[in-house]
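Colleague: Would you be able to build a 3D model of this:
(chains A and B)
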There are 2 protein chains.
Amino acid sequence: MKKLINDPQTVVAESLEGFGAAHPDVVTVHADPWFVTRAGGTTPGKVGLVSGGGSGHEPLHAGFVGVGMLDAAVPGAVFTSPTPDQIAPAFQAADAGAGVLAIVKNYTGDVLNFEMAAEVADDVTVRTVVVNDDVAVEDSLYTAGRRGVAGTVAVEKIAGAAAERGDDLDAVAAVAERVVANVRSMGVALTACTVPHAGRPSFDLPDDEIEIGIGIHGEPGRRRVPLAGADEITDMLLEPVVDDLELSGGERVLLFVNGMGGTPASELYVVYRRARAVLEERGVEVARSLVGNYVTSLEMQGASVTVLRLDDELAALWDAPVHTAALRW
Amino acid sequence: MKKLINDPQTVVAESLEGFGAAHPDVVTVHADPWFVTRAGGTTPGKVGLVSGGGSGHEPLHAGFVGVGMLDAAVPGAVFTSPTPDQIAPAFQAADAGAGVLAIVKNYTGDVLNFEMAAEVADDVTVRTVVVNDDVAVEDSLYTAGRRGVAGTVAVEKIAGAAAERGDDLDAVAAVAERVVANVRSMGVALTACTVPHAGRPSFDLPDDEIEIGIGIHGEPGRRRVPLAGADEITDMLLEPVVDDLELSGGERVLLFVNGMGGTPASELYVVYRRARAVLEERGVEVARSLVGNYVTSLEMQGASVTVLRLDDELAALWDAPVHTAALRW
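Modeller: Numbers count the residues shown, from 1 in each chain, chains lettered A, B, ... in the order given. Model prediction:
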């Protein structure tokens, strides 16, 4: 295992310390228990947005804490749900009197622990939206129902903008649910990743095969296929996404090509080029774009394609200013 | 070789097409010959900033084209200098009547081809600044003198801000030279990268060794050492940088931890944490920070540490607004 770490037991803590020190204008990192809040604190009367999950997917979620997006993020150990005793104080820190929306990726541990935390933090009104954008598999190693993957970025960005403009908890939850209903993703792995405390790759993938429909923890996808060209692979990811969304010509979308952590930006743009061309051939307008490493699996090589069906409001909320460590405009 | 590409011969072109389509508000991508300009065109009377070099280091340089940074970027084939017939039209496109500053990393091919391009584009007044921030080796496979690596980002950002505020060509060149004089870097490779048309890793690195002082094309560094903890590796990178800069207590710096393409963000923050702590122990104030994949070597795992000595003007120019595909604030 070749990693720039000191010790598998301390990597998350040390990384968070570095993250907090590098972005003191954006975030405050709290230890014991670990969670991350906006440096500026809460905005009275604003709905608080809290997300979290296992570490190893950076910049998700701490990289999205800041004006226009999350109020707090709760990082677990690598690929491990944060505990209720971490999440509850994050709820409390994010509450500015208007309640908190919890954005939870659909993994059994995350869903349970956020639920328990809401019971612990019984002084805070918590609503929860569960993200389940991965069309690859219906149930998996870690989930009942579909997994939450890169579409989470769109949920956090758009709900964050709704909260920032002053929407109340019901309204922020409703817009988050509308994103969930209209966003789908599918990923591919070219290589496995290695969890630090495991010390060896999560799975074996022969040199001439790729895994279509991979999860963000290296969970199995739909099938293994021989290594193919980027256009062919992109088509394998995009087609189930478009089908599941029942996209038709004349619709507008956000196209998001996400890197899994170990893939060069140049390759992500090759995938983006093909996905965009296929969407345009079908008469779908690619009105917004995002390309880069946003929901990663450590150093895994691979990518995912996410499509979000846009309406005027979702597009405007996507465009609203955002100032976080990982996303700014 | 596992890559998300269609063909080694077309990967740069397809990636640029994707890049242009994803960021139409920021850049315009020109084909035949390939170069990238700002979407909004030139600003009359503003000094034009042009950079370029081999592809495979994305987001450098095309990701830094936009308001507050470059006016044009010229991408060569992977790890190959762009040709004079690409660079000359980029000079012409970037010239708005106040001349052009060429920012060139110190590789023999780049230096020669930018020089020849300046002769071809004899209607444009071109000044050149050569970036040579890598303290690892004095001469190398591709260079006479030190190599230009991640410090290039600081040169492009700060000179870009000087041009944007209306400095003339002499003044923009002078501030760029001041950055070059005060910025130093050193990198480490944990793994090799694979150039697409080569099809196999650029060098062999045993599972238990790392290369200290690696170049951004996988050129040899100072020495191979056994894999060590992140703190120990960070010290091996930072010490020669600090020594070469002759940094003293009481000085202020920008600390930039750059990922080589295949390293998770979490590991870069572990390196940042240590580098910052060591600088602070020496009484050096880390006044600005940058952490992420900005000058990469395809999918190489590794990182580099860059330190820029700041004065009030350099800090203010660093802070000035920037709106590019890869750097925004």
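Colleague: The residue nearest to residue A:203 when sequence neighbours are not counted and chain B, how far apart?
Modeller: Spatial nearest neighbour of residue A:203, chain neighbours left out: residue A:192 (4.9 Å); criterion: Cβ to Cβ, 6 or more residues apart in numbering or on different chains. For every residue, glycine as well, the C-beta is placed using N, CA and C. The gap separating residue A:192 from chain B is 11 Å, by Cβ to the nearest Cβ, to the nearest Å.
Colleague: Could you do residue A:243 as well?
Modeller: Look at residue A:243 and chain B: by Cβ to the nearest Cβ, they are 22 Å apart.
Colleague: now do residue A:327
Modeller: 9 Å.
Colleague: just residue A:39 next, same as before
Modeller: 14 Å.
Colleague: and what of residue A:257?
Modeller: Distance from residue A:257 to chain B, by Cβ to the nearest Cβ: 8 Å.
Colleague: That residue in helix, strand or coil?
Modeller: In three-state terms, and counting by DSSP: H, G, I helix; E, B strand; the rest coil, residue A:257 is strand.
Colleague: Report the contact partners of the residue nearest to residue A:203.
Modeller: Residue A:192 makes contacts with A:201-205, A:218, A:300, as judged by Cβ atoms under 8 Å, 6 or more residues apart in numbering or on different chains.
Colleague: all helices of chain A, in order?
Modeller: A:11-22, A:84-94, A:108-120, A:151-164, A:169-182, A:230-245, A:265-281, A:312-319 (DSSP state H).
Colleague: Off-centre distance for the fifth one?
Modeller: Distance, stretch centre to chain centre, for helix A:169-182: 16 Å (Cα atoms, centre = their mean, to the nearest Å).
Colleague: orientation of that helix relative to helix A:230-245 in degrees?
Modeller: On the basis of axes from the mean of the first three to the mean of the last three Cα atoms, to 10 degrees, helix A:169-182 is oriented at 130 degrees to helix A:230-245.
Colleague: Chain neighbours aside, what residue packs nearest to residue A:231?
Modeller: residue A:274 (4.6 Å).
Colleague: correction: residue A:160
Modeller: residue A:69 (3.7 Å).
Colleague: Quick check: bridge partners of the closest residue to residue A:255 other than its chain neighbours?
Modeller: Distance criterion Cβ to Cβ, 6+ apart; nearest residue to residue A:255, sequence neighbours excluded, is residue A:286 at 4.7 Å. Counting by DSSP bridges, residue A:286 forms beta bridges with residue A:253.
Colleague: do the same with residue A:305
Modeller: For residue A:305, the beta-bridge partners under DSSP bridges are residue A:186, residue A:257.
Colleague: On the pLDDT front, check it for me.
Modeller: Looking at residue A:305, its pLDDT stands at 98.
Colleague: Would you check that it makes contact with residue A:241?
Modeller: Yes. Residue A:305 is within contact range of residue A:241, at 6.1 Å (criterion: Cβ atoms under 8 Å).
Colleague: what's around the residue lying closest to residue A:21 once chain neighbours are set aside, how many residues?
Modeller: Once flanking residues are discounted, residue A:21 sits nearest to residue B:276: 5.6 Å by Cβ to Cβ, 6+ apart. Per other Cβ atoms under 10 Å in any protein chain shown, the neighbour tally for residue B:276 reads 22.
Colleague: Next, the contact list for residue A:302, please.
Modeller: Residue A:302 sits next to A:187-191, A:210, A:214, A:259-260, A:262-263, B:4 when contact means Cβ under 8 Å, 6+ apart.
Colleague: again with residue A:120
Modeller: Contacts of residue A:120 (Cβ under 8 Å, 6+ apart): A:84-85, A:88.
Colleague: now, which of the residues you listed sits nearest chain B?
Modeller: Set against chain B, the nearest of those by Cβ to the nearest Cβ is residue A:85 (22.3 Å).
Colleague: List the contacts of the residue in chain A sticking out farthest from the centre.
Modeller: No residue in chain A has its C-alpha farther from the mean C-alpha position than residue A:208, which lies at 28.7 Å (Cα atoms, centre = their mean). Applying Cβ under 8 Å, 6+ apart to residue A:208 gives the contacts A:226-227.
Colleague: my read: residue A:188 touches residue A:238, true?
Modeller: No. Using Cβ under 8 Å, residue A:188 makes no contact with residue A:238, being 11.0 Å away.
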